[in-house]
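>>> build me a structure from this.
(chains A and B)
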Amino acid sequence: MKDTAQTISIDQTVSDSERFEALKDFNVLGHASHHPVEILRFNTCGSVDDGKSTLIGRLLYDSKSLMEDQLEALQRSADITGGGQINLADLTDGLRAEREQGITIDVAYRYFATPRRKFIIADTPGHVQYTRNMVTGASSANLSVVLVDARAGVIEQSRRHTYLASLLRIPHLVVAVNKMDLVNWSEERFLEIRDQFEEFLPRLDIKDVKFIPLSALLGDNVVDLSKNMPWYQGPTFLGHLETVHIASDWNLNGFRLPVQWVNRPKNPTDIRLHDFRGFSGQIAGGIVRQGQKVMVLPSGLRSTVKEIRTYDGPRAEAFCPQSITLVLEDDIDVSRGDMVVGLDALPGMSMELSARVCWMHPRPLQAGRKFFLKQTSQTVQVVVTALESRINIQTFDPEPAPDELPMNGIGQIKLLAAKPIVFDGYAANRLTGSFILIEPGTNATVAAGMLLPPAETVKPEYNDFVI
Amino acid sequence: MSSYHLDHLQYLETEAIHVMREVAAEFERPCLLFSGGKDSICLLRLAEKAFRPSEIPMPLLNIDTGHHFPELNDFRDQRAAELGAKLIIRRVEDAITKGIAVPAPGEVSRNRLQIPTLLAAIEEFRFDCCIGGARRDEEKARAKERFFSFRDSFGQWDPKNQRPEIWNLYNGRVNSGEHMRVFPLSNWTEMDVWQFIHREKLEVPTIYFSHKRTVLRRQGQWLPVTEFLQRKSGEETRELVVRVRTIGDIISTGMVESPADSVDDIIAEIASARVTERGSRADDKASEAAMEDRKKQGYF
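Below is the predicted model:
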């Protein structure tokens, strides 16, 4: 059978009136808008032939986000190599090796906007050996799109990616059942595939899953509703991306400010700044208010928030993920890597850590190896004390005590750090519960880690002494 | 919608500030590449937001090709002076004299020659990090770029072997002689840049606004007629009302016909634009992989 999934014929004459139609509601300055324009970050993942790039191309094309010179470049390469057929995948496959081999070898980021939202797409390859890129692209996503070929149904890649989305705790999942045109738009086939997912989804921790039947090649249910699948009552792919609720994806419980940089003006001309000492960072959780009592960890020293500074003036309160500079009432020792926290919901603090890791380096992980661990704004030395289990990607079951963790392996490990780490479980806070491991010497980033919840949290009276 | 909510510009802003502070904290000798162009103007404002009330804790670096628009250089010098920032300028002309940059026979463009000039400046000042204003939406090869982009001791980018970048945890570790290019505007689009300029009421060089200029038609573009670029026989010259959308060398920057003479006009124009920003850069049209090849060698 001739596989037409990578090529597509498109109508190149988008008229001005159509384009204006698409833009007329687009309030470019946001003046009269009732809602600020939000950003939704999503990643697509799937095997080479699932039509991932075709779906993105279709999304950009049908939402009129493609420009004439991009179409021209597509046309040029189509005339030269494609026998006149335009290949939407050429839009995203930016590197020469990718065009030569017809594969996507790294995470590519794409941007487009509709009147409702701005979108950042991380297009990640489905090749087994490139799982690290999937983790890279998906780690900061609000939503993950698993593409399934309707003919093939659930394959190992679909399970792996769904598992990774669950492991990374991406709040929303879309299962896009693609190439519906090649299964005669069959509702039965669609439901079969949904059932295949439902078999293993309960064992994973994903709260919001949406199944959408579509054809990226022909455009059905991508931007416009399909006339070929009247049995499908749900939103289109773009419709779902525009409306899925993401406002509560950030953590607003338990104030956390990892200190990135101590702000001490050198030789200020303004006399009021002579003793200025501010703690700059991006809030990694919760809300902070002027006058609030806070604790600095790991020291346990307490103080009160005197001022929340920004370039645009002082704030009465600030929230995750804003970047601020905090001024405290007391002159206490705070430096990069420390965390300023609220007293209401305290984090864990320990030198011994348990975590799930995705191993990303060709040299396998073995117990006893030493690394730099970077978590929030600190980098400390750690040793891997034990490999507790390795996840079987077929069954999602842990296999205890493996000898090593190979590239793309996922496992649970124990670590010992050279100094106490202040953290939350990854499930509670993606920013204070995540880390990377860096190999000394090569400086390669070799693992992505997700901390398990602390055995106990810092006690308010713990380490509390008055200065 | 809750009040604990960031709109898209606020989100992009906090992301960029976080990146800049990581640079200030993790590198010993960082610099910020400042050309006076719209992207680097945003970078400077973000640096103010990241580091005030302190001084911006790194010098500004500009590689002057000698083919810059004079309006751009004037603006660059004025803005650096306003901020009280240290501005380092290294010239392609000097690099050619010293033999650091060697033009090919008949090579007029200074685009390629910026690369050795920049790498020599990095070596001269032992910079371990350069903050740049590149955006992923500009070009396909840039779409694969990381926020923290590692360069080996030859200044080369290896797109097939990039460090995975997970959550907001940036690995800034480099060995001696290696350096990092950091792009805080990675996730910004051309529209975001202009909306930010609008919101922050930032001044930009006058060539972004429409003005009368003598231009000539070459390879489907209107290029400004200057001492560096003269009409060849058969080429058409005209006086048009034009502006620039993206600024490169004065010999390869296409001017677009436009009546837009305010930031509001520019935003409206981009909203209805039919070609991408880089569509007006002759240097990118050389081949499908033109940008990728230059980046691998150490281009911005």
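
>>> tell me which parts of the stretch 251-400 of chain A are close to chain B?
Where the stretch 251-400 of chain A comes near chain B, counting by CB under 8 Å from any CB of the partner chain, the residues are A:252, A:260-261, A:263-266, A:268, A:270, A:273, A:276, A:278, A:280-282, A:287, A:309-312, A:319, A:321-323, A:336, A:360, A:372, A:374-375, A:377. For glycine as for every other residue, the C-beta is placed from the backbone atoms N, C-alpha and C.

>>> put the buried members of these into a PyMOL selection.
A single PyMOL command selects the buried members of these (16 or more other CB atoms under 10 Å in any protein chain shown):
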select buried, chain A and resi 260+261+263+265+273+276+278+280+281+282+287+309+311+319+321+322+323+336+360+372+374+375+377
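
>>> among the residues of the stretch 251-400 of chain A next to chain B, which ones are in strands?
Using DSSP state E, the subset of these located in strands is A:261, A:263, A:278, A:280-282, A:287, A:309, A:319, A:323, A:372, A:374-375.

>>> residue boundaries of the strands in the stretch 351-467 of chain A?
A:370-375, A:378-391, A:398-400, A:410-423, A:434-438, A:445-451 (DSSP state E, counting those that start in this stretch).

>>> ignore the last one, the stretch 1-150 of chain B
B:30-33, B:60-64, B:87-91, B:129-131, B:148-151.

>>> can you lay out those strands as CSV showing mean pLDDT?
Listed next are the strands of the stretch 1-150 of chain B as CSV, based on pLDDT from 0 to 100:
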stretch, mean pLDDT
strand B:30-33, 98
strand B:60-64, 97
strand B:87-91, 97
strand B:129-131, 97
strand B:148-151, 94
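
>>> ok, now how distant is B:Ser262 from chain A?
From B:Ser262 across to chain A, the span is 12 Å (CB to the nearest CB, to the nearest Å).

>>> typo on my end, B:His68
In terms of CB to the nearest CB, B:His68 sits 25 Å off from chain A.

>>> neighbours around the closest residue to that residue other than its chain neighbours, how many?
Nearest non-adjacent residue to B:His68, counting by CB to CB, 6 or more residues apart in numbering or on different chains: B:Ile250, 6.5 Å away. For B:Ile250, the number of neighbouring residues by other CB atoms under 10 Å in any protein chain shown comes to 22.

>>> state the distance from B:Ile250 to A:Arg169.
To A:Arg169, B:Ile250 is 50 Å away according to CB to CB, to the nearest Å.

>>> quick revisit: can you list the strands of the stretch 351-467 of chain A in a markdown table and add mean pLDDT and distance to A:Leu182?
Formatted as a markdown table, the strands of the stretch 351-467 of chain A follow (pLDDT from 0 to 100; distance: least, CB to CB, whole Å):
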| stretch | mean pLDDT | distance to A:Leu182 |
| --- | --- | --- |
| strand A:370-375 | 98 | 45 |
| strand A:378-391 | 97 | 33 |
| strand A:398-400 | 93 | 37 |
| strand A:410-423 | 97 | 32 |
| strand A:434-438 | 98 | 39 |
| strand A:445-451 | 96 | 35 |
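
>>> would you list these in a markdown table and tack on distance to A:Ser215?
Shown next, in a markdown table, are these (distance: least, CB to CB, whole Å):
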| stretch | distance to A:Ser215 |
| --- | --- |
| strand A:370-375 | 43 |
| strand A:378-391 | 34 |
| strand A:398-400 | 38 |
| strand A:410-423 | 33 |
| strand A:434-438 | 37 |
| strand A:445-451 | 34 |
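
>>> among the ones you listed, which comes closest to B:Leu229?
strand A:445-451 (45.0 Å; CB to CB).

>>> for A:Lys207, see how far away the residue of chain A positioned farthest from its centre is.
Distance from the C-alpha centroid of chain A peaks at A:Ile271, with 44.0 Å (CA atoms, centre = their mean). When distance is defined by CB to CB, A:Ile271 is 54 Å away from A:Lys207.

>>> lowest confidence element among the helices and strands of the chain?
The chain I'm using is chain A. Between all helices and strands in chain A, the lowest mean by mean pLDDT, DSSP states H and E belongs to helix A:16-23, at a mean of 41.

>>> the chain in question should be chain B.
Min over SSEs of chain B, mean pLDDT, DSSP H and E: helix B:290-297 (a mean of 66).

>>> distance between the helix ranked longest in chain B and the chain's centre?
As assigned by DSSP state H, the longest helix anywhere in chain B is helix B:8-26. Relative to the centre of its chain, helix B:8-26 is centred 18 Å away, using CA atoms, centre = their mean, to the nearest Å.

>>> tell me the mean pLDDT over that helix?
Averaged over helix B:8-26, pLDDT sits at 97.

>>> output it as CSV, restricted to C-alpha atoms.
Taking Å, rounded to 0.1, in the frame of the first residue of the first chain, the C-alpha atoms of helix B:8-26 are listed here in CSV:
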residue,chain,number,x,y,z
HIS,B,8,1.6,35.4,27.9
LEU,B,9,4.0,38.3,28.1
GLN,B,10,4.3,38.0,31.9
TYR,B,11,5.0,34.3,31.5
LEU,B,12,7.7,34.9,28.9
GLU,B,13,9.2,37.6,31.0
THR,B,14,9.5,35.6,34.2
GLU,B,15,11.0,32.7,32.2
ALA,B,16,13.6,35.0,30.7
ILE,B,17,14.5,36.7,34.0
HIS,B,18,15.0,33.3,35.6
VAL,B,19,17.4,32.4,32.8
MET,B,20,19.4,35.6,33.1
ARG,B,21,19.8,35.2,36.8
GLU,B,22,21.0,31.7,36.3
VAL,B,23,23.7,33.1,34.0
ALA,B,24,24.7,35.8,36.5
ALA,B,25,25.0,33.2,39.3
GLU,B,26,26.6,30.3,37.5
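
>>> and that helix, what does it pack against?
strand A:38-45, strand A:261-263, strand A:278-282, strand A:323-328, helix B:38-51, strand B:129-131, helix B:190-199 (3 or more CB pairs under 8 Å, 6 or more residues apart in numbering or on different chains; DSSP states H and E).

>>> residues in contact with it?
A:36-39, A:118, A:260-261, A:280-282, A:321-323, A:336, A:377, B:6, B:30, B:46-47, B:49-51, B:57-58, B:129, B:131, B:147, B:168, B:170, B:172, B:182, B:184-185, B:187-188, B:192, B:195-196, B:199 (CB atoms under 8 Å, 6 or more residues apart in numbering or on different chains).

>>> for PyMOL, write the selection for the buried entries among these.
Per 16+ other CB under 10 Å, the buried members of the contacts of helix B:8-26 correspond to this PyMOL selection:
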select buried, (chain A and resi 37+38+39+118+260+261+280+281+282+321+322+323+336+377) or (chain B and resi 6+30+46+47+49+50+51+57+58+129+131+147+168+170+172+182+184+185+187+188+192+195+196)
